[in-house]
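[1] take a look and give me a structure for this.
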Amino acid sequence: MSQTVTLSPTKAWMVSLRLRTLPLALASIVTGSAMAGWQGHFKPVIALMALITAALLQILSNLANDYGDAIKGSDEKGRIGPLRGMQLGIITREQMRVALLAAIFLSLLSGAVLIWIACENPPIFWAFWSWGYWRLLPPSPIPWVPAPTAIWALAICPC
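    Numbers count the residues shown, from 1 in each chain. From the prediction side, this is the model:
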């Protein structure tokens, strides 16, 4: 038995954003903020920027997943689960690419502002930013550079 599903463009985008996943993404920020408050180091602006950044990163992940599934063909008619906007043809590839680029830009901007505020030290900010950019590059063939190098930034930051 086949069923016809019609979604408005707004509803299709809401399904693609998967807003139900946001509480889990934000839970670690709330927990960390509570622990910072317990230790007497809570800063509301940092907590707010961390919440915004976590939400944007989760939305970026959700949109990228929808885009990837649609491109790979994983979203076939027989797929179990809610129908998605790209799967139904309501959201085009180009529209999703624009949404992905916007989510990337907003995530980077929010993350940069968060690091700037949290570090309170321009050299440390630029160290974090450089380190993050470097981690976007393909893995290094240099044998003495370990794969999880992003952890080094946490070890050297006096934030």
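
[2] which element, helix or strand, includes the most centrally placed residue in the chain?
    Centroid-nearest residue in the chain: L57, 1.3 Å away (criterion: CA atoms, centre = their mean). Using DSSP states H and E, the element containing L57 is helix 44-72.

[3] now the helix or strand following that helix: how far from the chain's centre is it?
    As assigned by DSSP H and E, the chain's next helix or strand after helix 44-72 is helix 85-88. Distance of helix 85-88 from its chain centroid, counting by CA atoms, centre = their mean, to the nearest Å, is 21 Å.

[4] show me what counts as buried in helix 85-88.
    G85, M86, Q87 (16 or more other CB atoms under 10 Å). The C-beta positions use only the backbone N, C-alpha and C, and glycine is treated the same way.

[5] ok, those vs P9, which is closest?
    Nearest to P9, judged by CB to CB, of those is G85 at 7.8 Å.

[6] that closest one and D69 touch, don't they?
    No: in this structure, G85 is not within contact of D69 by CB atoms under 8 Å, at 11.4 Å.

[7] which strand or helix spans the closest residue in space to I46 that isn't next to it in sequence?
    Nearest non-adjacent residue to I46, counting by CB to CB, 6 or more residues apart in numbering: A118, 5.2 Å away. Assigned by DSSP H and E, A118 falls within helix 93-119.

[8] tell me which helix or strand in this structure has the weakest average pLDDT.
    The weakest-scoring helix or strand in the chain, judged by mean pLDDT, DSSP states H and E, is helix 150-156 (a mean of 44).
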